[in-house]
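A.B. asks: the following block contains a protein sequence and its predicted model.
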Amino acid sequence: MASKPLTIVIKLGTSSIVDENTHEPILSILTLIVETAAKLHRDGHNVVLVSSGAVGVGLRRMDIEERPKHLPRIQALAAVGQCRLMSLWDGLFSHLRLPVAQILLTRNDIADRTQYLNAQNTFAQLFDMGVIPIVNENDTLAVSEIKFGDNDTLSAITAAMVKADYLFLMTDVDCLYTANPRHNPDAKPIEVVTDISSLEADVSSAGSSLGTGGMSTKIVAAKLGTSAGVTTIITKSSKPGNVHEIVRYLQQTEQLDLGSEESSGSPDLPTPPPLHTRFIPSETPIQSRSFWLLHGLKPRGTLYIDHGAYSALQKKAGLLPAGVIGVDGHFGQQEAVRLVVVEKISPDALNGEFLHHGQEPKEVGRALVNYGSSEIIRIKGQRSTHIQSLLGYADSEYVALRENISFTQNNDSPRH
């Protein structure tokens with residue numbers, strides 16, 4: 001039985017590919033990564049690399065010892081380093097006659113739904129052409145408002161965008177442990193995580209002086225990836241060959257499971273793979289558009305809604321102004337906002353006062369709004385038939401259409 005083609009995203013942090021002290025590229029690891037990607041490609045799989053390292057390589061190129069704190073200087077170093085980094089990747093892959101493509105992203109690039117779909121189409125076309133896309137955040141242009149925060153998050157969003165089967169987060173340890181194995185000899189490896197919300201692991205690893213991530217950001221990335229149906233795996237960056245072995249093991253295991261349903265024999269078990277942590281994907285993954293609403297857009301404000309509105313939304317109704325209790329932030333039409341469920345209060349209470357009633361509000365999702373914040377403040381709590389008289393126009397009877405609302409997972413019971 002032939003193995004089915006997979007789409008595999010491999011995320012590499014700066015510390016995986018650039019020496020923390022000398023800032024020189026770690027050629028031994030880079031070469032192994034290229035060989036691993038080539039093996040996966042020969043097996044018929046699509047491979048995407050999410051590669052940090054532009055600033056680190058830029059530091060080496062300009063003979064600067066420490067990462068500066070001034071943003072324009074960091075962005076200038078990223079511009080210098082990105083050229084060198086892609087040249088390095090291109091040179092290594094060219095030895096194996098594999099073409100690569102550079103894709104630089106910020107949140108602004110995928111904030112527009114059309115651009116998000118265009119990015120998906122570009123990835124699909126590159127796969128058809130046998131090209132390996134190499135993705136990085138566009139550090140030359142990105143500011144805090146439009147940054148993904150770290151490449152762990154970017155890799156999870158990329159994995160969801162390309163509908164990946166596996167997302168590998170390469171790090172300096174083999175897997176997650178119940179405690180820090182460097183300090184606690186009783187630390188136990190966590191090999192499979194079926195429910196991230198109940199995870200009990202040591203995530204105190206803070207990342208390198210060159211990078212921005214740590215183990216906690218990988219947990220966040222795993223939550224994003226698994227919510228989109230992507231099996232997410234943490235494994236050791238200094239042993240890139242683990243990726244190929246783990247993929248083969250999981251494929252063989254899947255084939256055995258299928259075969260056991262068809263025969264009563266006891267087939268040979270595959271050789272156990274190297275140590276890793278595997279996060280099992282959600283059985284009800286978020287669809288592409290919902291994932292984009294939740295994670296592709298940066299929320300510009302918050303709408304506080306009552307429990308009646310929340311119940312109606314779960315029954316596929318749109319968000320009516322009558323269900324909106326309060327507004328926070330300044331935003332325009334068709335911008336993303338958080339949806340937070342709170343207790344309903346008297347109409348003459350000050351906007352925001354419900355936050356001080358002793359109950360912690362709960363964010364339940366995101367929405368693209370039909371009206372800006374100043375308009376919603378004027379129509380909140382009112383019937384839709386009053387929008388025309390209150391605003392002088394009525395673009396929609398809904399503050400947000402149901403198709404433009406997406407709920408986070410595990411939010412069926414907002415805190416009362």
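C.D. replies: Thanks, I have it.

A.B. asks: which residues in the stretch 101-250 of the chain form strands?
C.D. replies: 132-137, 166-171, 176-177, 189-190, 192-193, 231-236 (DSSP state E, counting those that start in this stretch).

A.B. asks: possible to save these as TSV with mean pLDDT and mean neighbour count?
C.D. replies: (C-beta placed from N, C-alpha, C; glycine too.) Below are the strands of the stretch 101-250 of the chain laid out as TSV (pLDDT from 0 to 100; neighbours: other Cβ atoms under 10 Å):
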stretch	mean pLDDT	mean neighbour count
strand 132-137	93	23
strand 166-171	94	28
strand 176-177	86	24
strand 189-190	88	16
strand 192-193	92	15
strand 231-236	94	24
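
A.B. asks: what about those, which gets the closest to Val9?
C.D. replies: strand 166-171 (4.8 Å; Cβ to Cβ).

A.B. asks: quick one, that closest one and strand 231-236 angle?
C.D. replies: Inter-element angle recorded for strand 166-171 and strand 231-236: 30 degrees (by axes from the mean of the first three to the mean of the last three Cα atoms, to 10 degrees).

A.B. asks: mind listing what strand 166-171 pairs with, with the direction of each?
C.D. replies: Sheet partners assigned to strand 166-171 using DSSP bridges are listed as strand 7-12 (parallel), strand 231-236 (parallel).

A.B. asks: okay, the next helix or strand after the first one in PDB with CA atoms only?
C.D. replies: Yep, that's strand 7-12 we're talking about. Once the chain leaves strand 7-12, the next helix or strand it forms, by DSSP states H and E, is helix 14-17. This file holds the C-alpha atoms of helix 14-17, laid out as PDB (Å, rounded to 0.1, in the frame of the first residue of the first chain):
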ATOM      1  CA  THR A  14      17.300  31.300  15.000                       C
ATOM      2  CA  SER A  15      19.200  29.300  17.600                       C
ATOM      3  CA  SER A  16      18.800  26.200  15.400                       C
ATOM      4  CA  ILE A  17      20.600  27.600  12.500                       C
END
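
A.B. asks: other SSEs contacting helix 14-17?
C.D. replies: helix 27-42, helix 54-61 (3 or more Cβ pairs under 8 Å, 6 or more residues apart in numbering; DSSP states H and E).

A.B. asks: after the first one comes which helix or strand?
C.D. replies: What it means is helix 27-42. Counting by DSSP H and E, the next helix or strand C-terminal to helix 27-42 is strand 46-51.

A.B. asks: give me phi/psi at Ala164?
C.D. replies: phi -70, psi 150 (degrees, to the nearest 10).

A.B. asks: any idea how far it lies from Ser155?
C.D. replies: Per Cβ to Cβ, to the nearest Å, Ala164 is found 9 Å from Ser155.

A.B. asks: repeat for Thr106
C.D. replies: Counting by Cβ to Cβ, the gap from Thr106 to Ser155 is 15 Å.

A.B. asks: show me what contacts the residue nearest to Ser396 when sequence neighbours are not counted?
C.D. replies: Closest residue to Ser396 apart from its sequence neighbours, by Cβ to Cβ, 6 or more residues apart in numbering: Asn370 at 4.4 Å. Listed by Cβ atoms under 8 Å, 6 or more residues apart in numbering, the contact partners of Asn370 are 333-334, 395-396, 398-401.

A.B. asks: buried subset of the residues you listed?
C.D. replies: Buried by 16 or more other Cβ atoms under 10 Å: 398-400, out of the contacts of Asn370.

A.B. asks: a strand runs through the residue nearest to Ser396, doesn't it?
C.D. replies: No. Applying DSSP: H, G, I helix; E, B strand; the rest coil, one finds Asn370 to be coil, outside a strand.

A.B. asks: which of the residues in the helix or strand of the chain with the lowest mean pLDDT are buried?
C.D. replies: Least confident helix or strand of the chain, by mean pLDDT, DSSP states H and E, is helix 107-111 with a mean of 78. Neighbour-count burial for helix 107-111, counted by 16+ other Cβ under 10 Å, picks out 107, 109-111.

A.B. asks: what's the closest of the residues you listed to Lys298?
C.D. replies: For these, the residue nearest Lys298 by Cβ to Cβ is Arg107; the value is 5.4 Å.
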